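Enquirer: could you look at this predicted model? Sequence included:
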Amino acid sequence: NAGVTQTPKFQVLKTGQSMTLQCAQDMNHEYMSWYRQDPGMGLRLIHYSVGAGITDQGEVPNGYNVSRSTTEDFPLRLLSAAPSQTSVYFCASSTPGLAAYEQYFGPGTRLTVT
Amino acid sequence: DAKTTQPTSMDCAEGRAANLPCNHSTISGNEYVYWYRQIHSQGPQYIIHGLKNNETNEMASLIITEDRKSSTLILPHATLRDTAVYYCIVSLYNNNDMRFGAGTRLTVKP
């Protein structure tokens, strides 16, 4: 099992450019989420999905789009990058149920917008 | 979700127990207490969670007060590799919307 994988690991964008951050998991988890972490801060939820075809907004969704066409993949799209989106982005997955509930996080994508 | 309050930082000697407190005075009856940690710049790692009973696993113990307004995460024998930021989160079970605060930066010293 690779767990949760994210690509790219690093990215530099110019203001106004768009891009997609990739996230994939091979654990057949129903739930997937995107968080951002600004320097010295905790994580903030951007968008999440409870299953293929279902997405919802988190705490800070503006400027980002998501879709969930398969159980495995949950890409995050930046529509028009802004310097305020400079951050580390983490993807996470989990599965509901009676077993211990925990989120598995990917290694992160470090994004700089100039 | 209820909010949590944690100390900004703590130190612990290697080999000693690390006791990390968390206040969650507005916790509701169906909310769980979760602990995660983040080592350096890696993705957060789940440690433990509980509702009202004390819990123990291979990583740590979680002590929740009887009124559920506070809890303590205990690392019984801290090692240098336990240096990390520890997050206490209160959330509904199976809630995908977890709110991470600033956490406690634990430094384990030789």
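Expert: The structure has been received and is ready for your questions.
Enquirer: tally up the residues packed near the nearest residue to B:Thr5 once chain neighbours are set aside, please.
Expert: Using CB to CB, 6 or more residues apart in numbering or on different chains and skipping the chain neighbours, the partner closest in space to B:Thr5 is B:Asn23 (4.2 Å). All C-beta spots, glycine's among them, are computed from the backbone N, C-alpha and C. For B:Asn23, the neighbour count with other CB atoms under 10 Å in any protein chain shown is 16.
Enquirer: could you do B:Arg37 as well?
Expert: Neighbourhood size, B:Arg37 [other CB under 10 Å]: 23.
Enquirer: picking that back up, now for the residue nearest to B:Thr5: which residues touch it?
Expert: Each residue near B:Asn23 by CB atoms under 8 Å, 6 or more residues apart in numbering or on different chains is listed here: B:4-6, B:69-70.
Enquirer: ranking by neighbours, what's the top pick from those?
Expert: Most neighbours among the contacts of B:Asn23, by other CB under 10 Å: B:Thr4, with 24 neighbours.
Enquirer: so for it, what's the pLDDT?
Expert: Predicted confidence (pLDDT) for B:Thr4: 94.
Enquirer: A:Asn28 now?
Expert: pLDDT recorded at A:Asn28 is 90.
Enquirer: from memory it sits against A:Thr71, does it?
Expert: Yes - taking contacts as CB atoms under 8 Å, A:Asn28 lies within contact range of A:Thr71: 6.3 Å.
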